[in-house]
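>>> would you be able to build a 3D model of this:
(chains A and B)
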Amino acid sequence: MSEEVKSKAPKEPLFSKKNKKLVTDPLMDNNPVTVQVLGICSALAITVQVEQGVVMGAAVLFVLVLGNLIISLLRNLIPSRIRIIVQLVVVAALVIIVNEVLKAFLPDVSEKLSVFVGLIITNCIIMGRFEAFAMANKPWPSVMDGIGNGLGYAGLLILVAVFREFFGSGSLYGIPILGSPIPTPDSPLGSGLYEMGYMNNNMMILPPMALIIVGIIIWVQRIRNKDLVETH
Amino acid sequence: MAINKDSNVYTIGFAVALVVVVGTILAMLSIGLKPMQKQNEVVKKKMDILSAMLTEMEMENISRKNASDEFDKYVDLSKAVVLDMNGELKDGKEAFEVDIRKERRDKNLAEADKNYPLFICEKEGKTMFVIPIVGNGLWGPIWGNISVGEDMRTILGASFGHKGETPGLGAEITQAFFVNRWLGEEISDENGEATKFEIVKNSSGSEPKKVDGITGGTITSVGVQEMVNRCLKPYVSYFNKLKSN
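Below is the predicted model of the structure:
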């Protein structure tokens, strides 16, 4: 410990406290969705089912980590006047690569995600991290930042999707939990809870409900951490 | 000498270099992966056809890996035919090569030039006809396959697919509960008149020609209705001709 302080240019360990904070911060107190309020559109669109949320989260994580790394490596070469366009080209190229590779190796997943993979390009978290972090930091911290923000995004997506799929479809990750709402000749209301008159909340499937759930999560988060409350 | 990164020459040079590098990578990737993607599409098409003629239980044993072998077991592509919109045989077309989704998208293609492929399969010694269909849902195209039994009337199996219908609502058309509502329906009456299917609310599965829609997925359900009614017509005329011979 003391030796490190003595040396003129202390080489920061790969998992120093600062670097770890880059990963853990966006998970909670600086969550890209609930605190920075970025990437809301996709959080509304693809949180109907948990599975979609998981795959989308993974895709964004991949693009964010690799993109942060590339931008960080190029940061001293990118002309400042066209830096946004350069960032856009990098995101677009990565997204196309993800899409093509999925189509070739995981055709079933690719089919499920359909247009949403292309929409990663428009996710403001990615451009936001490129511009705010990777353009000004070394490659390794940028990778850590990408992991943190990617996981923070994926985590929130999955959390919202769990609520929406459970209350909207009565299942989790496609597995029915509350029985089957499909009427059969024996039980016209379906089986399980549905037989007793329970009904799925169709509102949960529609995008406005995702906005309300994200709102509730933001509310709960700010009750627990008063520092996040904006003062006007 | 330090490079002036704000100069126009550097900026343009960087932009050109970036585009060339990215373009080259993407072009190479695209060319490299094309054969695999094509192969995946072919396999998917075979699985779609299989899922219309096999039961859910039988489909469980079929994955992308063995789909082609299983397909060859059931379907004899040399017997498959291509029809025109009036149900007349068309010569010189490979049924499996016809892409009905592409033809539907093609606004310049005249109705009369559209191809209607028909696959003839054999399952447990009985002949089955598999009819591919295509239509529009709420957000994009929907498609499917309908298999008809030896009597050329009764629907024995079906499968539906979609590009981007709402999960939990319109997207449910792919689920067994919706597909099963079509089984046992007849695509034509005794006189060979094509059936006009109707998507209704709560027909309880008892009335012929009426199929339950999906709550909250009305537009997609109606899309399926339109797709089935429109696409089956040429085949009904073809079957009528086969029967009268």
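>>> ok, now which ones touch the nearest residue to A:F133 once chain neighbours are set aside?
Distances taken as C-beta to C-beta, 6 or more residues apart in numbering or on different chains put A:D145 closest to A:F133, at 4.9 Å, once the chain neighbours are dropped. From N, CA and C alone the C-beta is placed, and that goes for glycine too. A:D145 is in contact with A:22-23, A:26, A:68, A:129, A:133-134, A:137, counting by C-beta atoms under 8 Å, 6 or more residues apart in numbering or on different chains.
>>> got the phi and psi for A:D145?
Here is the backbone geometry of A:D145 (degrees, to the nearest 10): phi -60, psi -40.
>>> again with A:K21
Dihedral pair for A:K21: phi -60, psi -30, per degrees, to the nearest 10.
>>> residues in chain B within reach of chain A, list them.
Counting by C-beta under 8 Å from any C-beta of the partner chain, the residues of chain B lying close to chain A are B:5-6, B:10-11, B:14-15, B:18-19, B:22, B:25-26, B:29-30, B:33, B:36-37, B:40, B:43-44, B:64, B:163-164, B:166-169, B:177, B:215-216.
>>> among these, which ones are buried?
B:11, B:14-15, B:18, B:22, B:29, B:33, B:37, B:40, B:43-44, B:164, B:166-169, B:216 (16 or more other C-beta atoms under 10 Å in any protein chain shown).
>>> which of those residues fall in helices?
Of these, the ones assigned to helices by DSSP state H are B:11, B:14-15, B:18, B:22, B:29, B:33, B:37, B:40, B:43-44.
>>> need the helices for chain A, in chain order.
According to DSSP H, the helices that chain A contains are A:2-6, A:17-24, A:40-45, A:50-74, A:83-105, A:107-113, A:116-119, A:124-132, A:139-169, A:207-224.
>>> excluding chain neighbours, what is closest to residue 156?
Here I'm looking at chain A. Closest to A:L156 by C-beta to C-beta, 6+ apart is A:V33, at 4.5 Å.
>>> switch to chain B, that's the one I care about
Nearest one to B:L156, counting by C-beta to C-beta, 6+ apart, is B:G149 at 4.7 Å.
>>> would you check that that neighbour makes contact with B:V130?
No - using C-beta atoms under 8 Å, B:G149 makes no contact with B:V130, being 11.1 Å away.
>>> list the pairing partners of the longest strand belonging to chain B within its sheet, with orientation.
For chain B, the longest strand by residue count, based on DSSP state E, is strand B:126-136. Strand pairing for strand B:126-136, using DSSP bridges, gives strand B:116-123 (antiparallel), strand B:141-148 (antiparallel).
>>> now do the buried residues in it.
Applying 16+ other C-beta under 10 Å to strand B:126-136 flags B:128-136 as buried.
>>> just those now: which is nearest B:G92?
Taking C-beta to C-beta as the measure, B:G92 lies nearest B:P132 of the buried residues of strand B:126-136, at 19.0 Å.
>>> tell me what the closest one is bridged to.
Beta-bridge pairing of B:P132 under DSSP bridges involves B:N145.
>>> what separates it from B:E150, distance-wise?
Noted for B:P132: a distance of 19 Å to B:E150, by C-beta to C-beta, to the nearest Å.
>>> show me where chain B dips below the pLDDT cut-off.
Applying pLDDT under 70 to chain B picks out residues B:1-2, B:203-206.
>>> circling back: would you reformat the helices of chain A as TSV and include distance to B:A95?
Formatted as TSV, the helices of chain A follow (distance: least, C-beta to C-beta, whole Å):
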stretch	distance to B:A95
helix A:2-6	73
helix A:17-24	55
helix A:40-45	38
helix A:50-74	34
helix A:83-105	25
helix A:107-113	23
helix A:116-119	32
helix A:124-132	44
helix A:139-169	38
helix A:207-224	41
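>>> phi, psi for the closest residue to B:K90 other than its chain neighbours please.
Leaving aside its sequence neighbours, B:K90 sits nearest to B:V82 (C-beta to C-beta, 6+ apart; 4.5 Å). B:V82 adopts backbone torsions of phi -120, psi 130, taken as degrees, to the nearest 10.
>>> picking that back up, so how far is the longest strand of chain B from its chain's centroid?
Relative to the centre of its chain, strand B:126-136 is centred 8 Å away, using C-alpha atoms, centre = their mean, to the nearest Å.
>>> done for today, thanks.
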